[in-house]
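Trainee: Provide a 3D model corresponding to the input given below.
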Amino acid sequence: ESMLGLVRARKVLRRRWGSAHISFGEPISLAEAIGDRRTRFTLEATEADAAEKRHFVEDLAQRVVERINAATFANATAVGACAFLGETRRGLFRHELTQRMQEVVDLLRLEDARVTPALLRDQPEYDDAIATLLRSDLIESQPDPRGEILYYEQGKRRVLDLYRNGILHFMAAPSFLARRLLVGATQDELREDLRFWLDFFHNELFTNRPLVLAAHVAAYLDYFERLEVVEHHDGRWPASEK
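Mentor: Residues are numbered from 1 along each chain as shown. Alright, predicted model coming up:
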C-alpha cells in the first residue's frame, strides 16, 4: 500500500507462491435484462413495480453467482480436500487417495469445469498435489507395512472444508444423484429427485440447474456405470454391491 511497504516486502516477493488463474464468464447485459422496464424500475410508481424490481435484482444476482461458480478453477488443494472429506475416515492409503482424487477430477471434467494445468499434468499419481498438501501441513504421512497412510488431524478439518467449498457447487449434483442411486430409481425419478435438491439448496450452492438437468445427468450415470458402482435393469438404476 506504500513504497516503503513494497521495499519491506521484497523478501516475500522473491518467493514463488504458485499460480494465479483468472477467468471470465459470459457477460450479462443489464440493458437487455431490464428491457422496457427501466422507467418503471426507476420510478417504482406502484407496489407491484417495487416487488417486480426486487424479484429482478434477486434473479440477476443469482445468474451472476452461477456464472462466477462456473468460471471457478479447481486446483490440487481443493480436489485433495474434497477427496479426504468424502470419506468417513480421516486417513487413506496413498493409492486410495489418488483414486478418490481421480474420481473428483473425472466428475469435474464431465461438467466442463476449469481444472488447473498443473493438476492435469499431475495425473494419475498426483504426487505434486499430495506433496503440496504435506508442505502446507494440511495432511500428514505415516508409514505402514501395508503402504503409506495419509491423514489429517481433526484441527485441520475446518481449513480443508474451506478449500473443498471452492468446488462444492460442482460436486453437489453427482452427490445428490448418488444419494438416490443407493436406493435405486428410474431415470425420470433420478432427474426429479435431483431437481428437488438443486432447487432446495440453490441459494446456498447456486448450481446451474437447467444445464445440469439437460446435459449432465446422462453423463453422471454413464460414468457411475463405467466405475461399476451402479447397474441398469428394466429401466431402473440401483447401486451395485461395489
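Trainee: where does the chain have low pLDDT?
Mentor: 1, 17 (pLDDT under 70).
Trainee: strands of that one, start to end?
Mentor: 73-74, 91-93, 114-115, 140-142, 149-151, 185-186, 236-237 (DSSP state E).
Trainee: most tightly surrounded among these?
Mentor: Greatest average neighbour count among these goes to strand 73-74 (a mean of 20), per mean count of other Cβ atoms under 10 Å. C-betas here are computed from N, CA, C, even on glycine.
Trainee: show the contacting residues for the residue nearest the centre of the chain.
Mentor: Nearest to the geometric centre of the chain sits residue 167, at 2.4 Å (Cα atoms, centre = their mean). Contact criterion Cβ atoms under 8 Å, 6 or more residues apart in numbering gives 72, 74, 78-79, 82, 104, 108, 113 as the residues in contact with residue 167.
Trainee: can I get the strands of the chain in a markdown table with distance to residue 40?
Mentor: Formatted as a markdown table, the entries for those read as follows, by distance: least, Cβ to Cβ, whole Å:
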| stretch | distance to residue 40 |
| --- | --- |
| strand 73-74 | 40 |
| strand 91-93 | 57 |
| strand 114-115 | 39 |
| strand 140-142 | 60 |
| strand 149-151 | 59 |
| strand 185-186 | 45 |
| strand 236-237 | 48 |
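Trainee: biggest helix in the protein, by residue count?
Mentor: Using DSSP state H to assign secondary structure, the helix with the most residues in the chain is helix 47-70.
Trainee: what's the burial count for the closest residue to residue 232 other than its chain neighbours?
Mentor: On the basis of Cβ to Cβ, 6 or more residues apart in numbering, the spatially nearest residue to residue 232 that is not a chain neighbour turns out to be residue 225, at 6.5 Å. Here the number of neighbours of residue 225 (other Cβ atoms under 10 Å) works out to 14.
Trainee: go on, residue 241?
Mentor: 6.
Trainee: what residues does it make contact with?
Mentor: When contacts are counted by Cβ under 8 Å, 6+ apart, residue 241 touches no other residue.
Trainee: need the contact list for residue 146.
Mentor: Taking Cβ under 8 Å, 6+ apart, one finds residue 93 in contact with residue 146.
Trainee: again, but for residue 98
Mentor: If a contact means Cβ under 8 Å, 6+ apart, then residue 98 has 124-126, 130 as its contacts.
Trainee: go on, residue 110?
Mentor: For residue 110, the residues meeting the contact criterion (Cβ under 8 Å, 6+ apart) are 216, 219-220, 223.
Trainee: shouldn't the residue nearest to residue 232 be in contact with residue 233?
Mentor: No. Counting by Cβ atoms under 8 Å, no contact exists between residue 225 and residue 233, whose distance comes to 11.7 Å.
Trainee: ramachandran angles for the residue in the chain sticking out farthest from the centre?
Mentor: Among residues of the chain, the one most distant from the C-alpha centroid is residue 45; the distance is 42.2 Å, by Cα atoms, centre = their mean. Here is the backbone geometry of residue 45 (degrees, to the nearest 10): phi -70, psi -30.
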